[in-house]
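Colleague: Sharing a model prediction with you, sequence too.
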Amino acid sequence: MTAIRLTVNGEGVAADVPPRMHLADLLREQLRLTGTHLGCEQGVCGSCTVLLDGVPVRSCIIQAVACDGLEIRSIEGLDDDPITDELRDAFRREHGLQCGFCTAGMLIAAREIILRVPDADQQRIRHELSGNLCRCTGYVGIINAIHSVIERRRGKGVPVERIRSSVKFEKRREEMSARPSSKDATPASTQPVSASRTAPGASAVPRETESAGIGAAAREGWTQFVENFVIQKPPREVWKMLSDFRRVASCLPGAELTEHNDRNIKGRMNVKLGPIRAAFTGSATVELDPATMTGRIRGAGSDSSSGSRTKANAIYKIAPEESVSVSRVVLSVEYNLQGPLAQFSRSGLAQDFGRRLIAEFATNLNASFGSAGSGESHAAELNAGGILWATVKHRLLALLRRITGRQV
Ligand code: FES
Ligand code: FES
């Protein structure tokens with residue numbers, strides 16, 4: 001048992017929790033706050049959504065011990081919240097609930113959408129709510145209810161509060177992903193760093209990516225991240241390697257190149273996410289500028305079995321580090337995912353996933369320099385679930401280390 005202290009719905013709470021107890025069980029079983037519902041217990045359905053330091057999280061995949069010192073707000077803590085009040089009325093008016101099982105999670109997610117995307121239209125609301133499932137399939141009423149609150153607030157001239165996220169939580173997320181544990185660490189030569197922690201002298205977002213709209217504000221419905229990593233080879237060698245599409249594909253888990261010429265590529269990406277298996281087939285155009293060592297890729301693909309579709313743009317730039325025999329690759333990616341796999345686009349998890357995927361790519365890339373580029377694929381399938389689990393595990397371990405001050 002571990003003794004923790006946290007604030008729940010504005011009140012200080014002390015609890016002894018077993019190491020594997022998740023936050024939802026703490027709320028429901030110990031604190032008797034049964035408004036938080038448990039559906040899938042694996043982070044998919046969104047029924048268990050609560051606010052952690054103001055940010056919606058799935059309480060079924062957050063360990064209670066990791067919440068020591070944090071502030072939790074469950075649906076019971078939003079009794080007097082004016083936006084939730086408006087939403088409750090709207091859900092009743094628009095028939096946005098049937099059995100009510102998903103409703104607490106829906107209300108919390110909807111409140112955050114109203115604050116974060118105050119001009120969302122119905123399409124945007126659908127996208128934003130894609131991580132909350134209603135087993136009664138009452139989506140039309142739910143979307144109408146949320147949209148009506150947005151419209152009313154707009155009509156009343158309620159000032160727009162563009163709340164993106166809790167600063168405290170974002171800071172914590174940064175801290176958590178800043179230092180990989182020794183176990184999870186990628187080789188020193190491929191340490192990925194997020195854009196905000198770029199090494200001295202390196203540009204966080206290359207100007208080329210900004211002018212292409214990547215690295216600026218994310219477009220509606222698109223997920224975006226900027227990442228960079230170091231390769232222990234001079235820039236020209238790295239440029240040559242990244243211009244060899246077959247070698248690049250062989251370093252990217254799950255990727256397979258089927259056809260290519262100097263400018264166009266066709267291929268397949270095999271992805272596994274829990275029970276969902278998808279094989280995206282698609283094509284992309286590539287523009288390479290050897291003078292600035294910048295590459296631009298624009299692609300689209302679809303998976304006929306799951307009905308998921310994606311569009312993606314990526315820009316990379318290679319620059320010398322302080323030592324000319326070492327290069328830094330800065331990569332900006334934006335993608336739009338639709339269909340069953342779209343649930344995966346939500347939250348910072350998607351960015352963390354991208355970072356880990358790129359770290360794997362960088363590791364494989366470095367290894368391929370040693371193996372003179374055999375062209376052998378490193379993984380036949382991108383195990384998105386495995387990488388996601390590693391991401392969640394890494395976050396929790398980092399948080400535990402921070403809380404206990406010990407290696408765990
Ligand atoms: Fe937590 Fe389904 S119960 S996401
Ligand atoms: Fe029944 Fe959504 S209203 S699960």
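Modeller: On my side now, so go ahead. Ligands and ions are numbered 1, 2, ... in the order given.

Colleague: dump the residue contacts of T285.
Modeller: Counting by Cβ atoms under 8 Å, 6 or more residues apart in numbering, T285 touches R263, N264, I297, R298, G299. For the C-beta atoms, the positions are set from N, CA and C on the backbone; glycine is no exception.

Colleague: what helix or strand does it sit in?
Modeller: Using DSSP states H and E, T285 sits in strand 276-289.

Colleague: helices and strands around the following helix or strand past that strand, which ones?
Modeller: Reading on from strand 276-289 to the C-terminus, the next helix or strand found by DSSP H and E is strand 294-303. Applying 3 or more Cβ pairs under 8 Å, 6 or more residues apart in numbering; DSSP states H and E, one finds that strand 294-303 makes contact with strand 264-273, strand 276-289, strand 308-320.

Colleague: pLDDT on strand 294-303, on average?
Modeller: On average, the pLDDT along strand 294-303 is 88.

Colleague: what does stretch 2-13 give?
Modeller: The pLDDT scores in stretch 2-13 average 94.

Colleague: Stretch 37-53 too?
Modeller: pLDDT averaged over stretch 37-53 gives 92.

Colleague: Tell me the spacing between N9 and ligand 2.
Modeller: Distance, N9 to ligand 2, by Cβ to the nearest ligand atom, to the nearest Å: 23 Å.

Colleague: which residues does that residue contact?
Modeller: Applying Cβ under 8 Å, 6+ apart to N9 gives the contacts L33, I72, R73, S74, E76, G77.

Colleague: Now with 7 Å, please.
Modeller: R73, S74, E76, G77 (Cβ atoms under 7 Å, 6 or more residues apart in numbering).

Colleague: Could you do D80 as well?
Modeller: No contacts exist for D80 under Cβ under 7 Å, 6+ apart.

Colleague: And A3, which helix or strand is it part of?
Modeller: For A3, the element it lies in under DSSP H and E is strand 2-8.

Colleague: Mind checking what helix or strand follows that strand in sequence?
Modeller: Next along the chain after strand 2-8, taking DSSP H and E as the criterion, comes strand 11-17.

Colleague: List the buried residues in that next one.
Modeller: The neighbour-count check on strand 11-17 (16 or more other Cβ atoms under 10 Å) flags V13, A15, V17 as buried.

Colleague: and what of stretch 77-92?
Modeller: Across stretch 77-92, burial judged by 16+ other Cβ under 10 Å covers G77, L78, D81, I83, T84, E86, L87, R88, A90, F91.

Colleague: Do a quick rundown of the strands in the stretch 51-200 of the chain.
Modeller: Counting by DSSP state E, counting those that start in this stretch, the stretch 51-200 of the chain has strands at residues 55-58, 71-73, 193-194.

Colleague: Those: which one's closest to G131?
Modeller: strand 55-58 (8.4 Å; Cβ to Cβ).

Colleague: What helices and strands are in contact with the closest one?
Modeller: Here strand 55-58 touches strand 49-52, helix 103-116, going by 3 or more Cβ pairs under 7 Å, 6 or more residues apart in numbering; DSSP states H and E.

Colleague: winner for burial among these?
Modeller: strand 49-52 (a mean of 26; mean count of other Cβ atoms under 10 Å).

Colleague: Who does the host helix or strand of N228 pair with, and is each partner parallel or antiparallel?
Modeller: Here N228 sits within strand 223-231, counting by DSSP H and E. Using DSSP bridges, strand 223-231 pairs in its sheet with strand 193-194 (antiparallel), strand 327-338 (antiparallel).

Colleague: Identify each buried residue in stretch 290-299, please.
Modeller: By neighbour count on 16+ other Cβ under 10 Å, the buried set for stretch 290-299 is M293, T294, G295, R296, I297, G299.

Colleague: List of residues touching it?
Modeller: With Cβ under 7 Å, 6+ apart as the test, stretch 290-299 has contacts from 208, 212, 235, 239, 242, 282-288, 312-318.

Colleague: Give me the distance between R20 and Q42.
Modeller: From R20 over to Q42 the distance is 14 Å, taken as Cβ to Cβ, to the nearest Å.

Colleague: Quickly list what L331 is bridged to.
Modeller: E227, Y316.

Colleague: Count the neighbours of it for me.
Modeller: 23 (other Cβ atoms under 10 Å).

Colleague: P19 now?
Modeller: 11.

Colleague: isn't it right next to V65, touching?
Modeller: Yes - contact criterion Cβ atoms under 7 Å: P19 and V65 qualify, at 6.0 Å.

Colleague: what do those two both touch?
Modeller: With contacts defined as Cβ under 7 Å, 6+ apart, the residues adjacent to both P19 and V65 are T2.

Colleague: Helices of the stretch 51-200 of the chain, start to end?
Modeller: Ranges of helices in the stretch 51-200 of the chain, per DSSP state H, counting those that start in this stretch, are 82-93, 103-116, 122-128, 139-155, 167-178.

Colleague: okay if I get the ones you listed as JSON lines plus distance to E256?
Modeller: Below are the helices of the stretch 51-200 of the chain laid out as JSON lines (distance: least, Cβ to Cβ, whole Å):
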{"stretch": "helix 82-93", "distance to E256": "46"}
{"stretch": "helix 103-116", "distance to E256": "36"}
{"stretch": "helix 122-128", "distance to E256": "29"}
{"stretch": "helix 139-155", "distance to E256": "35"}
{"stretch": "helix 167-178", "distance to E256": "29"}
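
Colleague: Ligand 1: which of those helices is closest?
Modeller: helix 103-116 (7.6 Å; Cβ to the nearest ligand atom).

Colleague: Any chance you could list what contacts that closest one?
Modeller: 35-37, 46-51, 56, 75, 83-84, 87-88, 91, 97, 120, 125, 128-129, 132, 142, 146, 149-150, 161, 163-164.
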